[in-house]
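Enquirer: With the sequence up front, the predicted model follows.
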Amino acid sequence: MPLRLLFALIALSGLLHAHNVPSMTIESRFKENGNFDLTINFDPRAFLAADPRTLPPVAGSWFSDQSPDQAAATLEKARDYLRQSVGLIFNGRPIPLPELTLQPIDGADNTPLKPDTQELHLLAKCAGPVPDGATEFQIAFAKAAAIDLILLNALESAAERRPQVLFPGETSRPFVFRTSPPPPPVAAAAPERSTASIIIFLITATAVFIGWRLLSKYRHFHRGHKKPRDRKPE
């Protein structure tokens, strides 16, 4: 593990234990069917203060005591924060975050919110198709995010994830999720006619042709041997 990452994780772990520094974790997963999904776990202090470190951990009751309208406004504020802070980049081209779903959770064990939750976190999820031709992925973490980010990228079939630590204003290393773009879809071939159908068609066409030729010859013969009409006496 790089020395910088080791020191950052140790420092972050200690600060989190002391409840001083809020943070964010993003887990990305790239699937074989050409889609990807993101799971984002973050501290609401990130958008509740210009300097999130000045606030103590937010208790779960702060959210659970809100009215439905207040809770909806809080979650929308959280969505706005993520849209402004987390940028997705595929092969150097930025794309917007897909539609986000959010729910409050207990930050101590990442389980659903409980009456005695002492540290509220928010869990956001989104998913979407990988852009056509893309082979690598990055996160651009905005300067205004104001907290640190731990990023874990992985393929659907991989059990291990290699973490990266990003500070506000940094962009992650490229994560190559496939070595070449998938081939374009092949158009479905028209169904082949069966041999029996082809034989029947040829026999029918031949019979029609022979019948037409015989009919033509018969008409020609009939016109050549037709008796002249008897003339009436003058």
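Expert: Arrived safely, thanks for sending.
Enquirer: who's in contact with the residue nearest to residue 142 when sequence neighbours are not counted?
Expert: Of all residues beyond its chain neighbours, the one nearest residue 142 is residue 85 (4.7 Å), with distances taken as C-beta to C-beta, 6 or more residues apart in numbering. In short, each C-beta sits where N, CA and C put it, glycine included. By C-beta atoms under 8 Å, 6 or more residues apart in numbering, the residues touching residue 85 are 46, 141, 142, 144, 145.
Enquirer: Which pLDDT value goes with residue 85?
Expert: pLDDT recorded at residue 85 is 98.
Enquirer: Could you tell me how many residues sit around residue 80?
Expert: Residue 80: 11 surrounding residues under other C-beta atoms under 10 Å.
Enquirer: helix, strand or coil for it?
Expert: helix (DSSP: H, G, I helix; E, B strand; the rest coil).
Enquirer: where are the low-confidence patches of the protein?
Expert: Per-residue confidence of the chain (counting by pLDDT under 70) places the weak regions at 1-20, 159-160, 181-198, 201-202, 205-234.
Enquirer: Between the two ends of stretch 149-163, what distance do you get?
Expert: 10 Å (C-alpha to C-alpha, to the nearest Å).
Enquirer: in it, what counts as buried?
Expert: By neighbour count with 16 or more other C-beta atoms under 10 Å, stretch 149-163 contains the buried residues 149, 150, 151, 152, 153, 154, 155.
Enquirer: Helix or strand for the third one, just tell me which one.
Expert: With elements taken from DSSP states H and E, the one containing residue 151 is strand 148-155.
Enquirer: which is the next helix or strand following that strand?
Expert: Next helix or strand after strand 148-155 toward the C-terminus (DSSP H and E): strand 162-166.
Enquirer: what's the angle from that following strand to strand 148-155?
Expert: An angle of 150 degrees separates the directions of strand 162-166 and strand 148-155 when computed by axes from the mean of the first three to the mean of the last three C-alpha atoms, to 10 degrees.
Enquirer: Use 45 as the first number for this chain going forward.
Expert: Will do, 45 is the new start, and the previous item becomes strand 206-210.
Enquirer: I would like the residues contacting stretch 147-157, please.
Expert: The set of residues that contact stretch 147-157 without belonging to it, under C-beta under 8 Å, 6+ apart, is 85, 87, 101, 104, 107-108, 158, 161-167.
Enquirer: still on that earlier bit, switch the buried residues of stretch 193-207 over to JSON lines; also include distance to residue 121.
Expert: What follows is the buried residues of stretch 193-207, written out as JSON lines (distance: C-beta to C-beta, whole Å):
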{"residue": "193", "distance to residue 121": "19"}
{"residue": "194", "distance to residue 121": "23"}
{"residue": "195", "distance to residue 121": "23"}
{"residue": "196", "distance to residue 121": "25"}
{"residue": "197", "distance to residue 121": "27"}
{"residue": "198", "distance to residue 121": "30"}
{"residue": "199", "distance to residue 121": "33"}
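Enquirer: Could you verify that residue 213 is part of a strand?
Expert: No - counting by three-state DSSP, one finds residue 213 to be coil, located in no strand.
Enquirer: Would you check that it makes contact with residue 184?
Expert: No - with the criterion set as C-beta atoms under 8 Å, residue 213 and residue 184 do not qualify as a contacting pair; they are 9.1 Å apart.
Enquirer: Quick check on the two: which one has the bigger neighbour count.
Expert: Shown here are residue 213 and residue 184; by other C-beta under 10 Å, residue 184 has more neighbours (15 against 11).
Enquirer: dump the residue contacts of the more buried one.
Expert: Residues near residue 184 by C-beta under 8 Å, 6+ apart: 130, 131, 132, 133, 138, 215, 216.
Enquirer: Which members of the residues you listed are the farthest-apart pair?
Expert: Comparing all pairs in those by C-beta to C-beta, the longest separation belongs to 138 and 216, at 13.1 Å.
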